[in-house]
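Novice: One predicted model, sequence on top.
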Amino acid sequence: METAEQIRDRLLARFPGAEISVVTNPGAAAQHSLLLGHAHARAIAEFLRDDAPLKLDQCSNVTGIDWPEKKIVETTKVTVPDPAGGPAKVVEQKSERVQPGYLEVVYHLYSIAFRHGPVILRLRTGNRTDQVTVPSLTPVWRACEFQEREVFDLYGVKFEGHPDLRRILMWDTFKDHPMRKDYVEPDDYEWEPTPHGAVLEKAKAHYPTPPAAAIAPAAAPTPATGGAKS
Amino acid sequence: MSDAAQNSSPPVTITDEERAELRRQGILLTSLQELYTWGCSNSVWPLNFGLACCAIEMIAASMARFDIARFGSEVFRPSPRQADLLIVSGTVTKKMAPQVIRLWNQMPEPKYCIAMGACAISGGPFKQGYNVLKGIDRFIPVDIYIPGCPPRPEALLHGLLELQKKIKGFKISGPNAPRHLRDDQECNCPVPEFGEHDLQPPQNPKVWTAPTIVRSEKA
Amino acid sequence: MSISDLSPLGAQGGSHVRAVHDEFHGDLLEVSMGPHHPSTHGVFRMIVTLDGETIVKLKPVFGYLHRNHEKLGENTSYLGSMPYTDRLDYLCSMTNNWAYAIAVEKLAGQPVPERAEYVRVILAEITRLLNHTCLAGFLMQDLGCSGTPLMYAFREREKILDLFESLSGSRMMCNYQRFGGCRVDPSADWLEGAKQLTDGYGQFLDEFEALLTGNEIIMARTQGTGVLSPELAVAAGVTGPMLRATGVNYDLRKTDAYGVYPRFDFRVPLGAHGDVYDRYMVRVLEMRESIKILQQALAGIPAGPIMDPKAKLRGFRPKAGEAYGRIEGPKGEIGFYLVSDGSPNPYRYRVRAPSFINLTILEDMCLGQTVADAVIILGSVDIVLGEVDR
């Protein structure tokens, strides 16, 4: 089967002006993927499905990934000349930048006719709050129908052109999108019959207030108990 | 029978050994209470209701090797109206909880509940899930808890035997009578609504409150 | 008073009265089947719209067993998710383990010793026997053969579970496979037991088939029921015996050639009509092929280590990257998609559950059938709710 780069080049020749880029996978699996712009996504998907050498007739897996805003601290080494005339010093400068968050939908495509794959497509939303629309690929592969509903339910990605976009796993009046990284679950850990560390931690908020003597050591700052692992 | 009449009747002087001896001679001496609990305990009909993994072991318990019919409970009823025993066999999710409670309310008294497996008891391995109810006893009264993930069919049979023992110990009158024989106890449980983030209310305070935890913090 | 006096159209009103009558017959009835229902497929709900007894619309409702498998997977270590995979499709814990192990091995580039590959094939094929036998029993239960076929199926299941228990310590939740091998080495006694089971299974299948396969009532109920076309099956991502019953030759054991499957001689049974009967028959024939694979694997299992000596389980931190690994489970393609950011927990942990995706076309198969057929069509899809809702 063609590599992701070859597919991208062929797609660019067929759809001039389309936004297509290869996302490399640094891991051992080396399953590289194609990141598509919204405008041509459905046309490209139809092309991949019907294309003679590829014929990706099965969309095996559709899933969402949440990439929240991330602060990236970059350390650069800058050579600063010594004003006194001595040898130049190397100073580390730290710069912070905020990588904007987005939601991503990943499609794994296989060909039953030619028995090859996977070709991986990615669609990204503009951000995580108001621009959460991506084009739906359900009209191209019927297999996306329930899986895109699941991504909508758990991540809050809106699929434009989906015939029946409703919640699928949670109830209809549910408001949150629980698979997002910043989801806060309802606090009902009043009682813990399991010695599970994380559960115990959550249950502690419900313990009765200890006597005054016991409060004093607890009030002291406890460095890096919860913050480091969260 | 009024209380006065009950008090004036002569005290029972026959011992259990004598009664057993009489039974061996073909004379059955019994009380209404004994007859009632004997009948109840040996014909506990479960509801044919499976939730998750434990349901497969529940089916296995009714099959040839384990044969729950030996204990009078092989009649799995599809309708809650005909069932005595709700075996909560598996994870109760928040989406499923109102349905489980509705089934419980539809069962006629006397009814019993077995929480089968870690999930039904406390949420088990899935306790940290956002959609998992942390124990069915937050909403309905549970008679027997069977730990395990999933419990073996033998464990279910043991749970059933314990339930039978419990039923045999019931008093049919007086303050210790089970709830369906008393006027002051509610048999139905309120069904929670689906809220925006959680079930409303998240538990039934009449059957469950968080136990007070006394824990000495480690130094 | 004549009927024409009642009609607003006066003397020509006869036709109008008939129209009212037609409207009465045109009324549709909406039935909510589930989540508590007498069939044996867990808490699945269908909202069925009926015209008389014929289904005109069917909407499946999911989520009654949504226990947040994927969220929990993101909060535990890679190894910590292994016991959870047992509880996905709780009839086939061994194949779930294998699919997850394959995905992690792809992610980390972890090799597997040969003996472990053989043990995995043996366990996966025994699991296939277990799953298909139970499914046939459940399907017959749905058809109304109350008890008997299921009793036969569960008799065999107990024999298989004894094997699993003696190997892994648990009847259902085996938690047996590891990244880079398997947890314990099967003893010679165990392999002998597996051989005995394999040799006796053909006889059981003969007995089972004598009861069921040629049965007139079963043929009348299942042939031509719930027909699925191969085009729709491929478009909807249907995999496993469901897909092969429509005649599409697609078996991951052949196409992906994972593990040591290329060394074994077996055929892929295909259906011709895509109806419930074909799905049943494909599974029965697959069991016969599984027996062939088992006999070859048990005869050729080499000695050697069961775990790769360099494999790391505790404190396992694969490099950043992602991988999608899949195998042919008894229900279809079970896949795991893992995204690693270099930390001990997966950043994204996704299960591609075959029975969830096989349900996509449930409505298409049920339209025009009677409501009693919907139950057996659902039974023939072979769903396990732990996997559908995850």
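Specialist: Now that the structure is in, tell me what you want to look at.
Novice: Please name the residues that touch the closest residue to B:L22 other than its chain neighbours.
Specialist: What sits nearest to B:L22 in space, not counting adjacent residues and going by CB to CB, 6 or more residues apart in numbering or on different chains, is B:L29, at 5.5 Å. The way it works is simple: take the backbone N, C-alpha and C, and place the C-beta from them, glycine included. For B:L29, the contacting residues are B:I14, B:R19, B:L22, B:R23, by CB atoms under 8 Å, 6 or more residues apart in numbering or on different chains.
Novice: What strand or helix carries the third one?
Specialist: In this case it means B:L22. Per DSSP states H and E, B:L22 falls inside helix B:16-24.
Novice: In CSV: the contacts of B:L29, plus neighbour count, pLDDT and distance to A:N127.
Specialist: Output for the contacts of B:L29, formatted as CSV (neighbours: other CB atoms under 10 Å in any protein chain shown; pLDDT from 0 to 100; distance: CB to CB, whole Å):
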residue, neighbour count, pLDDT, distance to A:N127
B:I14, 9, 76, 83
B:R19, 16, 83, 80
B:L22, 13, 87, 84
B:R23, 12, 86, 80
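Novice: Tell me the one among those residues nearest to chain A.
Specialist: B:R19 (41.8 Å; CB to the nearest CB).
Novice: Report pLDDT for A:G226.
Specialist: pLDDT for A:G226: 38.
Novice: What is the distance between the following helix or strand past the helix holding B:L22 and the centre of its chain?
Specialist: Note on helix B:16-24: by DSSP H and E, the next helix or strand toward the C-terminus is helix B:32-41. From the chain centre to the centre of helix B:32-41 is a distance of 17 Å (CA atoms, centre = their mean, to the nearest Å).
Novice: any residues touching helix B:32-41, and which ones?
Specialist: By CB under 8 Å, 6+ apart, helix B:32-41 touches B:D84, B:P110, B:L163, B:Q164, B:K165, B:I167, B:K168, B:G169, B:F170, B:K171, B:I172, B:S173.
Novice: which residues does the first one contact?
Specialist: Taking CB under 8 Å, 6+ apart, we find B:D84 in contact with B:C40, B:S43, B:V44, B:W45, B:P46, B:M107, B:P110, B:K111, B:Y112.
Novice: Contact residues of chain A facing chain B?
Specialist: A:169-176, A:178, A:183, A:185-186, A:188-191, A:193-194, A:196, A:198-199, A:203, A:206-208, A:210, A:214 (CB under 8 Å from any CB of the partner chain).
Novice: repeat that with 6 Å
Specialist: Neighbours of chain B within chain A, by CB under 6 Å from any CB of the partner chain: A:W171, A:T173, A:K175, A:P178, A:E185, A:P186, A:D188, A:E190, A:W191, A:P193, A:V199, A:Y207.
Novice: Please name the spatially closest residue to the first one (chain neighbours excluded).
Specialist: Spelled out, that is A:W171. Going by CB to CB, 6+ apart, A:W171 has B:F194 as its nearest residue, at 4.4 Å.
Novice: residue boundaries of the helices in the stretch 101-250 of chain C?
Specialist: Here the stretch 101-250 of chain C has its helices, by DSSP state H, counting those that start in this stretch, at C:114-143, C:148-168, C:188-212, C:216-222, C:230-235, C:241-244.
Novice: for the shortest one, what is the average pLDDT?
Specialist: Averaging pLDDT along helix C:241-244 yields 92.
Novice: If we go by neighbour counts, what in the next helix or strand after it is buried?
Specialist: In the C-terminal direction, the helix or strand that comes right after helix C:241-244 (DSSP H and E) is helix C:252-255. Applying a neighbour-count criterion of 16 or more other CB atoms under 10 Å in any protein chain shown, one finds C:L252, C:R253, C:T255 buried in helix C:252-255.
Novice: The second one contacts C:P330, correct?
Specialist: No - with contact defined as CB atoms under 6 Å, C:R253 does not count as touching C:P330 (11.5 Å).
Novice: about what we covered before: just the closest of the buried residues of helix C:252-255 to chain A, please.
Specialist: Closest to chain A out of the buried residues of helix C:252-255 is C:T255 (4.4 Å), distances taken as CB to the nearest CB.
Novice: quick one, helices of chain A?
Specialist: In chain A, the helices defined using DSSP state H lie at A:4-14, A:41-50, A:144-155, A:197-203, A:212-219.
Novice: and those, which is most packed in?
Specialist: Of all the helices of chain A, helix A:144-155 has the most neighbours on average by mean count of other CB atoms under 10 Å in any protein chain shown, namely a mean of 25.
Novice: where does chain A have low pLDDT?
Specialist: Scanning chain A for pLDDT under 70 picks out the ranges A:192-195, A:209-230.
Novice: Tell me the residues of it that contact chain C?
Specialist: Contacts of chain A with chain C, taken as CB under 6 Å from any CB, map to A:25-29, A:57-59, A:61, A:63, A:65, A:108, A:112, A:115, A:142-143, A:145-146, A:168-169.
Novice: Just the buried ones from these, in PyMOL syntax?
Specialist: Here is the PyMOL command that picks out the buried ones among those, judged by 16+ other CB under 10 Å:
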select buried, chain A and resi 25+27+28+29+57+58+59+61+63+65+108+112+142+143+145+146+168+169
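Novice: care to break chain C down by domain?
Specialist: Following automatic domain parsing, chain C resolves into domains at C:3-61, C:69-389.
Novice: ok, and which of those has the densest surroundings?
Specialist: domain C:69-389 (a mean of 21).
Novice: For that one, measure first residue to last.
Specialist: Start and end residues of domain C:69-389 are separated by 9 Å (CA to CA, to the nearest Å).
Novice: For chain C, what's the nearest residue on chain B?
Specialist: Going by CB to the nearest CB, chain C is nearest to B:G129 of chain B, at 3.2 Å.
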